[in-house]
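Asker: Show me the folded form of this:
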Amino acid sequence: MYEQTGSMSNAFRENAKIRLVIPNPFYYIYWLFCRKFGTLQQEKINGKQKHMIENMQNMRNIGISAHIDSGKTTLTERILYYTKKIHAIHEVHDKEGAGATMDYMDLEKERGITITSASTNVEWKKYSINIIDTPGHVDFTIEVERSLRVLDGAILVLCAIGGVQSQSITVDRQMNRYKVPRIAFINKCDRMGADPEKVTAQLRDKLNHNAVLMQIPIGLESDFQGMVDLIRMKAYYFDGSNGETIREQDIPAALLEKAREKRDTMLDNVSMFSDRLMEAYLEDNVTENMIREAVRKGTLSLQLTPVFIGSAFKNKGVQPLLDAVVDYLPNPTEVQNTALNKGNNEAPMVLESKTDAPLVMLAFKLDDTRFGQLTYVRIYQGNIKKGDEIVNIRTGKTTRVGRLIRMHADEMEDITEAGAGDIVALFGVDCASGDTFTSGELNVTLTSMFVPKPVISLSIKPKDNKSNENMAKALNRFVKEDPTFQTFVDPETNDTIIKGMGELHLDIYVERMRREYKVDLETGAPQVAYRESISQSTVFDYIHKKQTGGAGQYGRVAGIMEPFHEGDFEFEDRIKGGAIPLEYIPSCKKGFEQCLPKGSLIGFPIVGVKITINDGSYHPVDSSDMAFQHAAIGAFRQAYLKCKPVILEPIMRVSVECPSEFQGTVLGTLNQRRGMIQSATEDKNFTVIEAEVPLSEMFGYSTILRSATQGKAEFTMEFAQYRKVPESISEQLKKEYAENKKKS
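Answerer: Predicted structure coming up:
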């Protein structure tokens with residue numbers, strides 16, 4: 001044994017940190033082993049990172065959204081079947097009462113509608129697809145908002161008969177808000193009156209999409225057999241009991257000329273996104289890959305909407321749609337996501353879709369199960385394992401991940417790890433919807449989803465003490481799960497008030513309280529969320545002076561109160577010369593804001609007010625924060641009635657679809673409800689009537705519409721704006737408010 005120093009490399013010696021004493025021949029073998037072992041370790045790390053990147057490139061996060069009854073859930077059921085996630089197809093209105101897989105709540109099965117968004121994961125041709133099926137009813141619009149916030153792409157489902165309908169416009173606006181690339185699927189091509197070309201034209205005219213048909217139908221209505229693929233120029237038919245066998249044939253001779261014409265139209269539009277395709281098109285040397293690359297580029301840039309056709313109910317066109325999802329919608333690495341860096345004045349920070357980056361994820365949906373709170377999260381950066389510690393940025397609390405889940409509707413699959421781009425669920429995490437979680441290395445927050453304001457309220461009253469306790473538990477859960485559902489106790493009547501997006505929204509929650517929490521309760525009449533505002537400007541000058549045994553209170557504020565059309569409230573400080581010390585300006589603002597929640601006309605919130613303070617005075621001893629708050633409150637009350645306050649009511653955008661023979665009847669029902677008709681569009685045997693109607697007049701309208709049209713009409717509505725109520729109704733509301741005040 002002797003010291004080996006001369007032949008040892010500096011790097012090796014630095015790494016070892018000691019002088020090794022080993023026989024010379026063994027040193028060389030040892031050195032080779034270290035080098036080889038290090039290389040293998042690095043190759044293993046590189047291989048894992050490469051595998052993660054490939055996984056993300058083969059991942060799609062998509063949502064399925066549409067107008068109510070366009071066939072979203074039916075389409076999702078077929079996707080689950082063809083990807084072998086389920087082995088039997090169930091329908092939304094199943095005779096056996098099983099209902100579609102994604103409509104797992106009893107209320108969804110009974111009513112045949114989707115109430116809550118449901119998540120699942122499927123495999124299609126080596127691609128992993130996370131799918132969220134969302135409700136179509138406007139009352140559950142928050143489910144669409146929160147889903148689109150975390151998704152990378154979407155399928156916009158349209159009815160081949162109804163085309164672009166009111167909720168289609170709302171969903172498209174939501175997709176634009178979150179910059180979600182989409183493909184369109186025109187469903188129900190087997191139904192009478194189906195016209196995919198008309199629907200494609202509506203996509204261009206009503207939604208301003210660059211919509212391009214990628215397929216044309218072989219037959220329509222009861223003769224719908226399949227479709228022609230305009231890229232491959234082949235006809236496709238769907239055989240077998242559930243359309244699982246795809247048959248490829250040449251295009252029927254009767255359709256060949258039309259197919260060539262539509263292909264040229266498609267290439268004209270698509271070639272705008274690829275110079276290479278444009279050159280090949282001019283030289284008549286176009287390949288399928290060139291077209292797909294150009295369509296993908298146009299779709300990801302939100303400048304192109306590829307349109308596909310089919311009939312989910314008849315099991316036609318679903319597999320080509322799945323191919324389109326993987327061909328044209330983005331993977332997580334192709335979408336730019338940003339967070340706000342709280343350590344740097346909330347400066348935008350681009351997140352990287354890498355599993356080896358620090359963890360950042362968003363909790364976008366909560367669900368209360370028998371195992372505790374289930375939190376759905378989208379991982380934007382980094383990875384998460386069972387047992388990891390995560391930090392809630394809002395609360396600063398650290399939580400250990402006890403259980404990691406991949407969801408399939410209401411079924412759970414335990415997993416040990418998930419990475420960037422994935423949508424999974426956690427158990428045992430206390431948080432609110434919209435919270436950001438990190439590994440603790442970053443102090444960033446993700447922007448939450450847009451939350452519309454409730455427009456309708458209802459008083460509820462439990463019949464006994466046990467129901468009262470259970471109701472409190474139910475309300476706490478529902479408020480946490482749904483940001484559009486709100487509750488409070490009326491200080492005057494002591495009634496519990498619930499607020500939501502519509503009659504159906506509140507009806508569902510009341511029914512859930514009865515079923516899930518065994519709450520025996522009574523409901524009052526629905527109440528409209530009125531608002532108060534001012535119609536003219538006025539000046540105010542108010543002195544608050546109060547003398548007691550010790551130090552008194554003194555504060556004077558003067559300024560202008562005027563209508564404000566760009567928001568609910570604005571406060572402007574124009575004090576000069578220190579008339580009011582700087583430390584009391586926030587006190588003035590706080591005093592004015594305290595007057596806004598309850599107006600003096602009918603007790604509803606005051607909106608559309610701008611306060612400008614330009615003068616005032618103070619006392620060196622008697623002035624205080626509280627004195628100036630009281631001065632501002634007195635000034636507001638002094639000025640408010642001088643500004644001629646008015647009552648505003650919510651106006652709903654109503655869309656009624658009915659057979660043309662009932663057009664006059666439906667117009668009459670809307671006119672009786674103070675409706676302003678915007679348009680009436682007749683399309684073959686159906687008429688679509690658009691109107692703006694006060695929400696207060698729409699209670700019970702569904703029953704009246706059904707009886708007036710023999711059950712053949714349907715309607716949807718969504719909030720449009722607030723508008724001044726007529727004078728006669730204003731007086732009636734004031735009178736009712738005064739009477740209720742006397743009783744209480």
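Asker: so who does residue 582 touch?
Answerer: With contact set as CB atoms under 8 Å, 6 or more residues apart in numbering, residue 582 has no partners. Every residue, glycine included, has its C-beta placed from N, CA and C.
Asker: Contact partners for the residue nearest to residue 89 when sequence neighbours are not counted?
Answerer: With sequence-adjacent residues excluded and distances taken as CB to CB, 6 or more residues apart in numbering, residue 89 is closest to residue 81, at 5.2 Å. Applying CB under 8 Å, 6+ apart, one finds that residue 81 lies in contact with 87-89, 242, 244.
Asker: which SSE is residue 81 in?
Answerer: Counting by DSSP states H and E, the secondary-structure element that holds residue 81 is helix 72-82.
Asker: that older thread, which two among the contacts of residue 81 are spaced furthest apart?
Answerer: 88 and 244 (12.4 Å; CB to CB).
Asker: neighbour count winner among these two?
Answerer: Neighbours of residue 88 and residue 244, each counted by other CB atoms under 10 Å, are more numerous for residue 244; the result is 15 against 9.
Asker: So which bits of the top strand by length along the chain are buried?
Answerer: Identified as the longest strand of the chain according to DSSP state E is strand 645-659. Using 16 or more other CB atoms under 10 Å as the burial criterion, the residues of strand 645-659 that qualify are 645-658.
Asker: If you count contacts, what does the helix or strand following that strand end up packed against?
Answerer: Proceeding C-terminally, strand 645-659 gives way to helix 663-671 as the next helix or strand, assigned by DSSP H and E. Under the contact criterion of 3 or more CB pairs under 8 Å, 6 or more residues apart in numbering; DSSP states H and E, the helices and strands touching helix 663-671 comprise strand 645-659, strand 676-683, strand 686-694, helix 701-708.
Asker: Next, the angle helix 701-708 makes with the longest one.
Answerer: Using axes from the mean of the first three to the mean of the last three CA atoms, to 10 degrees, one finds that strand 645-659 and helix 701-708 are set 40 degrees apart in direction.
Asker: list the helices and strands strand 645-659 packs on?
Answerer: strand 531-534, helix 663-671, strand 686-694, strand 714-724, helix 727-743.
Asker: Starting from it, tell me which strands it pairs with and how they run.
Answerer: Sheet pairing here is set by DSSP bridges, and for strand 645-659 it gives strand 531-534 (antiparallel), strand 686-694 (antiparallel), strand 714-724 (antiparallel).
Asker: what about those, which gets the closest to residue 209?
Answerer: Where the strands paired with strand 645-659 are weighed against each other on CB to CB, the nearest is strand 686-694, at 19.2 Å.
Asker: end to end, how far does stretch 418-428 reach?
Answerer: 17 Å (CA to CA, to the nearest Å).
Asker: Now do it, average pLDDT.
Answerer: Throughout stretch 418-428, pLDDT has a mean value of 89.
Asker: Going by neighbour count, list what's buried in that stretch.
Answerer: Of all the residues in stretch 418-428, those buried under the rule 16+ other CB under 10 Å are 418-427.
Asker: just curious, which of those is nearest to residue 693?
Answerer: Sorting the buried residues of stretch 418-428 by how near they are to residue 693, with CB to CB, puts residue 423 at the top with 38.4 Å.
Asker: Can you name the residues that contact that closest one?
Answerer: Under the criterion of CB under 8 Å, 6+ apart, the contact partners of residue 423 comprise 61, 119, 121, 130, 132, 150, 376-379.
Asker: what do you get for residue 157?
Answerer: With contacts defined as CB under 8 Å, 6+ apart, residue 157 is in contact with 64-66, 70-72, 75, 184-185, 187.
Asker: what do you get for residue 325?
Answerer: Taking CB under 8 Å, 6+ apart as the criterion, residue 325 is in contact with 60, 62, 124, 129, 153, 155, 183.
Asker: Quick check: which ranges of the stretch 551-700 of the chain have low pLDDT?
Answerer: Across the stretch 551-700 of the chain, the ranges flagged by pLDDT under 70 are 684.
Asker: could you redo the last one with a cut-off of 80?
Answerer: Along the stretch 551-700 of the chain, the parts satisfying pLDDT under 80 run over 551, 683-685, 700.
Asker: Report how many residues lie close to the closest residue to residue 634 other than its chain neighbours.
Answerer: Counting by CB to CB, 6+ apart, residue 634 lies nearest to residue 542, which is 4.7 Å off, once chain neighbours are set aside. The number of residues packed around residue 542, counting by other CB under 10 Å, is 20.
Asker: Same question for residue 192.
Answerer: Other residues within reach of residue 192, judged by other CB under 10 Å, total 11.
Asker: now the residue lying closest to it once chain neighbours are set aside: how far from residue 312?
Answerer: Excluding its sequence neighbours, the residue lying closest to residue 192 (CB to CB, 6+ apart) is residue 221, at 5.3 Å. For residue 221, the distance to residue 312 under the criterion CB to CB, to the nearest Å works out to 16 Å.
Asker: what about those two, which has more around it?
Answerer: For residue 221 versus residue 312, neighbours defined as other CB under 10 Å are more numerous around residue 312 (26 against 16).
Asker: Isn't that one up against residue 318?
Answerer: Yes. Taking contacts as CB atoms under 8 Å, residue 312 lies within contact range of residue 318: 6.1 Å.
Asker: what residues are shared contacts of those two?
Answerer: With contacts taken as CB under 8 Å, 6+ apart, the residues that reach both residue 312 and residue 318 are 75, 78.
Asker: Any regions of the stretch 351-500 of the chain where pLDDT drops low?
Answerer: Counting by pLDDT under 80, the low-confidence segments of the stretch 351-500 of the chain come to 368-372, 409-411, 448-450, 452-453, 455-456, 490-494.
Asker: what about the strands in it?
Answerer: Listed in chain order, the strands of the stretch 351-500 of the chain (DSSP state E, counting those that start in this stretch) span residues 360-369, 372-381, 383-385, 389-392, 398-400, 403-408, 411-415, 417-419, 423-427, 436-438, 444-445, 456-462, 486-489, 496-500.
Asker: Could you list the paired strands of the fifth one along with their orientation?
Answerer: Take DSSP bridges as the rule and strand 398-400 pairs in its sheet with strand 389-392 (antiparallel).
Asker: who touches the spatially closest residue to residue 224 that is not a sequence neighbour in this structure?
Answerer: When the adjacent residues along the chain are set aside, residue 224 lies closest to residue 190, with 4.4 Å between them (CB to CB, 6+ apart). For residue 190, the contact set (CB under 8 Å, 6+ apart) comprises 220-222, 224, 311, 313-314, 316.
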